[in-house]
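Trainee: Have a look; sequence and predicted model below, questions after that.
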Amino acid sequence: MAEIKKITTPLSLSDVCSLRAGDEVAISGVLLTGRDQAHKRLCDLIAAGEELPVDLEGQVIYFVGPTPASEGRAIGSAGPTTSSRMDAFSDALVERGLKGMIGKGYRCDNVRQSLVKFRAVHFATIGGAGALLSKHIVKSEIIAFADLGTEAIRRLEVVDFPAIVAYDCHGGSVYGNAITNY
Amino acid sequence: MRQIEYQDIVTTVQQLCIECCYELPADVFAAIEHAAASETNDRAAGILQQLMENAQTAKQDHIPLCQDTGLTVAFVEQGARATITPPPENPDATITDAINKAVEQAYDIGKLRKSVVAEPLNERKNTGTNTPAIIHHTIVPGEKISISIMTKGGGCENKSQFKMFNPTEDKQTIMDWIVEVVKQAGANACPPFIVGVGIGGDFEQCCLISKKALLRNIDIPNNAPYYAQMEYDLLAAINALNIGPQGLGGDTTALAVKVETAPCHIASLPVAVNIECHSHRHKSAVI
């Protein structure tokens, strides 16, 4: 198996450009979390011309709604949710400087084109491995939309968080010819 | 008549919900282990190893297997000679109340994610309790109550499908459609799957048996040789898709296919496919 690339967030343009679909990575630094409702709110704010509660420049959003943390732990189970549900929202966020996303499964053609146009990358991590993945998260705090509970935007600190480059900024895809626009 | 205490139902269901979310059933774990050993794609074998590691971590460190601890589905078979003694403070309380109380307690005590919204389209406000559970209740002979709990994730449930075929349709066409449903689920629904198939019944019964099919032990085929063969052939066709664990390629797209059937109308041939992810969390108890 190929070597695992270590990368640190926030991602620079050269970080993004160096990644190719199929690369295995270990991510350290800060991740933001967001899933359906947080995405909708961010895009509503953008559409209304209002300020966002988080700066997206160079950031990576992890599509996750964790279980509550047990005593002494940073977070509960924390695996990825299905990426395609964020398809309608990701273009606008990538345009605002978001450089990476982590989820599971396919992205639509529009998002893939935005990744190329605005130089960003989409990672996949293992769906249903939330117990294992939680061990790479050392800190978690809610930073926006607290009323959304598990769907709130969190700031996570991660160490060697494992992922695979699913779609790169050169148009490459790890899923090969899979039909992705279902 | 046999009297069963309301609190016994609450305690049992509460325990089932929590154990469900922390411990992968032995037959599912063994199926993943077996698939990992025979997988010819290195990356796929590696992912299957990590799923086994995840299951071990969840059990040892007491962290839910998956952050999506599901909508709680309860299949209840109540013996006709079993009745429930309600608590003295609420003489109208039913088995439905007992199950919902158990779910509420389990999701609090077990630190499970509450993933239920009260209303689907307008406000989508979280109920904060993971209730109401989806409860399927049937009366059976005897004096016992059997309860199976399934904590069903949203990602795989979203990829389930239903279709009405003409009653003259051939077996191959139906099998092709089932394989196509799995293909469409692809990487999005956390393969390797357990695929529940319902054939027959009416609109709602067909969907119900496709989910109930998932409760069968992974190693046990359908009783009828015709449908056992269909399960075998479907599994082979699905695993030839090369979707693989997490959609990244490999021989292991599904761990099992379970077909359940029901009598149906002369005009109808309904087919439902319930997609279940590898984190196939279910557990049963008999009271």
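Mentor: Looks like it came in fine. Keep in mind the model is a prediction, meaning the values are calculated, not measured.

Trainee: Every contact and neighbour count from this point should use C-alpha atoms.
Mentor: Noted.

Trainee: Tell me which residues touch the closest residue to B:Ile4 other than its chain neighbours, please.
Mentor: With sequence-adjacent residues excluded and distances taken as C-alpha to C-alpha, 6 or more residues apart in numbering or on different chains, B:Ile4 is closest to B:Ile84, at 4.7 Å. Counting by C-alpha atoms under 8 Å, 6 or more residues apart in numbering or on different chains, B:Ile84 makes contact with B:Gln3, B:Ile4, B:Glu5, B:Tyr6, B:Thr94, B:Ile95.

Trainee: ditto for B:Ala285
Mentor: Contacts of B:Ala285 were listed using C-alpha under 8 Å, 6+ apart, and they are B:Thr12, B:Leu16, B:Ser146, B:Ile147, B:Ser148.

Trainee: try it again with 7 Å
Mentor: Contacts for B:Ala285 (C-alpha atoms under 7 Å, 6 or more residues apart in numbering or on different chains) come out as B:Ser146, B:Ile147, B:Ser148.

Trainee: Pull the number of nearby residues for B:Thr40.
Mentor: For B:Thr40, the neighbour count with other C-alpha atoms under 10 Å in any protein chain shown is 13.

Trainee: which stretch of helix or strand covers it?
Mentor: If you go by DSSP states H and E, B:Thr40 is not part of any helix or strand.

Trainee: where do the helices sit along chain A?
Mentor: A:13-18, A:36-47, A:87-95, A:109-117, A:130-134 (DSSP state H).

Trainee: Please export the C-alpha coordinates of the last one as CSV.
Mentor: Okay, so that is helix A:130-134. What follows is helix A:130-134, C-alpha atoms only, in CSV (Å, rounded to 0.1, in the frame of the first residue of the first chain):
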residue,chain,number,x,y,z
GLY,A,130,-17.0,6.2,14.5
ALA,A,131,-15.5,4.6,17.5
LEU,A,132,-12.1,4.2,15.8
LEU,A,133,-12.1,7.7,14.3
SER,A,134,-13.0,9.3,17.6
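
Trainee: So that helix, near chain B or not?
Mentor: Yes: with C-alpha under 7 Å from any C-alpha of the partner chain as the criterion, chain B is reached by helix A:130-134 at A:Gly130, A:Ala131, A:Leu132.

Trainee: Any of the contacts of B:Ile84 buried? List them.
Mentor: B:Ile4, B:Tyr6, B:Ile95 (16 or more other C-alpha atoms under 10 Å in any protein chain shown).

Trainee: Go through those and name the one nearest chain A.
Mentor: Nearest to chain A among the buried ones among the contacts of B:Ile84, counting by C-alpha to the nearest C-alpha, is B:Ile95 at 27.5 Å.

Trainee: Could I get the phi/psi values of the closest one?
Mentor: For B:Ile95, the backbone dihedrals are phi -60, psi -30 (criterion: degrees, to the nearest 10).

Trainee: Kindly report the residues of chain A close to chain B.
Mentor: Checking chain A against chain B by C-alpha under 7 Å from any C-alpha, the hits are A:65-68, A:70, A:76-79, A:82, A:104-106, A:126-132, A:174-175, A:182.

Trainee: Kindly recompute the last result at 6 Å.
Mentor: By C-alpha under 6 Å from any C-alpha of the partner chain, the residues of chain A that approach chain B are A:66-68, A:77-79, A:82, A:105, A:127-132.

Trainee: can you list the weak-confidence ranges in chain A?
Mentor: Scanning chain A for pLDDT under 70 picks out A:1-2, A:177-182.

Trainee: can you give me the strands in it?
Mentor: Counting by DSSP state E, chain A has strands at residues A:5-8, A:24-33, A:60-62, A:100-103, A:121-124, A:137-144, A:153-167.

Trainee: can you redo these as TSV with mean neighbour count and distance to B:Leu235?
Mentor: Below are those laid out as TSV (neighbours: other C-alpha atoms under 10 Å in any protein chain shown; distance: least, C-alpha to C-alpha, whole Å):
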stretch	mean neighbour count	distance to B:Leu235
strand A:5-8	16	36
strand A:24-33	21	30
strand A:60-62	26	33
strand A:100-103	26	27
strand A:121-124	28	26
strand A:137-144	17	37
strand A:153-167	23	27
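
Trainee: For these, give me JSON lines that also has distance to B:Thr40.
Mentor: Listed next are the strands of chain A as JSON lines, based on distance: least, C-alpha to C-alpha, whole Å:
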{"stretch": "strand A:5-8", "distance to B:Thr40": "24"}
{"stretch": "strand A:24-33", "distance to B:Thr40": "19"}
{"stretch": "strand A:60-62", "distance to B:Thr40": "31"}
{"stretch": "strand A:100-103", "distance to B:Thr40": "26"}
{"stretch": "strand A:121-124", "distance to B:Thr40": "21"}
{"stretch": "strand A:137-144", "distance to B:Thr40": "32"}
{"stretch": "strand A:153-167", "distance to B:Thr40": "20"}
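
Trainee: re earlier: from the residues of chain A next to chain B, which two are the most distant?
Mentor: Within those, A:Pro68 and A:Gly105 form the most distant pair, 24.4 Å apart (C-alpha to C-alpha).

Trainee: who's more crowded, the two?
Mentor: With neighbours defined as other C-alpha under 10 Å, A:Pro68 and A:Gly105 compare such that A:Gly105 has more, 28 against 24.

Trainee: I'd like to know how far that one sits from A:Asp44.
Mentor: Separation of A:Gly105 from A:Asp44 (C-alpha to C-alpha, to the nearest Å) stands at 25 Å.

Trainee: again, but for B:Lys59
Mentor: Distance, B:Lys59 to A:Asp44, using C-alpha to C-alpha: 41 Å.

Trainee: So between those two, which is more surrounded?
Mentor: Ranked by neighbour count (other C-alpha under 10 Å), B:Lys59 and A:Asp44 place B:Lys59 first, with 18 against 14.

Trainee: residue contacts, that one?
Mentor: Residues near B:Lys59 by C-alpha atoms under 6 Å, 6 or more residues apart in numbering or on different chains: B:Tyr22, B:Glu23.

Trainee: where does it fall, helix, sheet strand or coil?
Mentor: Three-state assignment for B:Lys59 (DSSP: H, G, I helix; E, B strand; the rest coil): helix.

Trainee: Double-check that B:Ala36 belongs to a strand.
Mentor: No: assigned with three-state DSSP, B:Ala36 falls outside any strand and is helix.

Trainee: which of the helices of chain A is buried the deepest?
Mentor: The highest average neighbour count among these, using mean count of other C-alpha atoms under 10 Å in any protein chain shown, belongs to helix A:130-134 at a mean of 26.
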